[in-house]
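Participant: Provide a 3D model corresponding to the input given below.
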Amino acid sequence: MNADVELDTRGLNCPLPILKAKKSISAMAAGQVLRITATDPGSVKDMESFCKQTGNELVQSSSEGGEFVFLLKKH
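Facilitator: Take a look at the predicted model:
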C-alpha cells in the first residue's frame, strides 16, 4: 500500500511519535494513508491505542532491523 504522507520519528521516544502522528493525520483527508517509521519499541502499543481512540485504521504494523513501520488510514 502506498502512503500519501511519510513521517520519520526515528530517534524519538514516547510521546513524540504519537504527537507527530496526530498532527500529521489531522492535516490529511479521509482515506489517505500515513506511513510512520519509528525506533521506539513502545510505539507499537502506542499506535494501536492511538488508532482505537481516534477511529483511524492501523492498516499495517511491522518491524525490521530495530525500526517499526506503521500504516495508518485516516477515517
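Participant: How about the contacts made by the residue minimising distance to the centre of the chain?
Facilitator: Centrality entry for the chain: nearest residue to the mean C-alpha point is residue 36, 4.3 Å, by Cα atoms, centre = their mean. By Cβ atoms under 8 Å, 6 or more residues apart in numbering, the residues touching residue 36 are 7, 9, 17, 21, 43, 47, 69-72. Placement of C-beta: from N, CA and C, glycine included.
Participant: go on, residue 11?
Facilitator: So residue 11 contacts residue 39 (Cβ under 8 Å, 6+ apart).
Participant: My reading is that it is in a helix; is that accurate?
Facilitator: No: read with DSSP: H, G, I helix; E, B strand; the rest coil, residue 11 is coil and lies in no helix.
Participant: distance from the centroid: which residue in the chain tops it?
Facilitator: residue 65 (17.5 Å).
Participant: need the strands for this structure, in chain order.
Facilitator: 5-9, 33-38, 57-64, 67-73 (DSSP state E).
Participant: want to throw the ones you listed into JSON lines with mean pLDDT?
Facilitator: As requested, these are exported to JSON lines (pLDDT from 0 to 100):
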{"stretch": "strand 5-9", "mean pLDDT": "98"}
{"stretch": "strand 33-38", "mean pLDDT": "98"}
{"stretch": "strand 57-64", "mean pLDDT": "96"}
{"stretch": "strand 67-73", "mean pLDDT": "98"}
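Participant: Output these in CSV; the columns should cover distance to residue 25.
Facilitator: Formatted as CSV, those follow (distance: least, Cβ to Cβ, whole Å):
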stretch, distance to residue 25
strand 5-9, 8
strand 33-38, 5
strand 57-64, 11
strand 67-73, 6
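Participant: Of those, which is nearest residue 26?
Facilitator: Of all the strands of the chain, it is strand 33-38 that lies closest to residue 26, at 10.3 Å by Cβ to Cβ.
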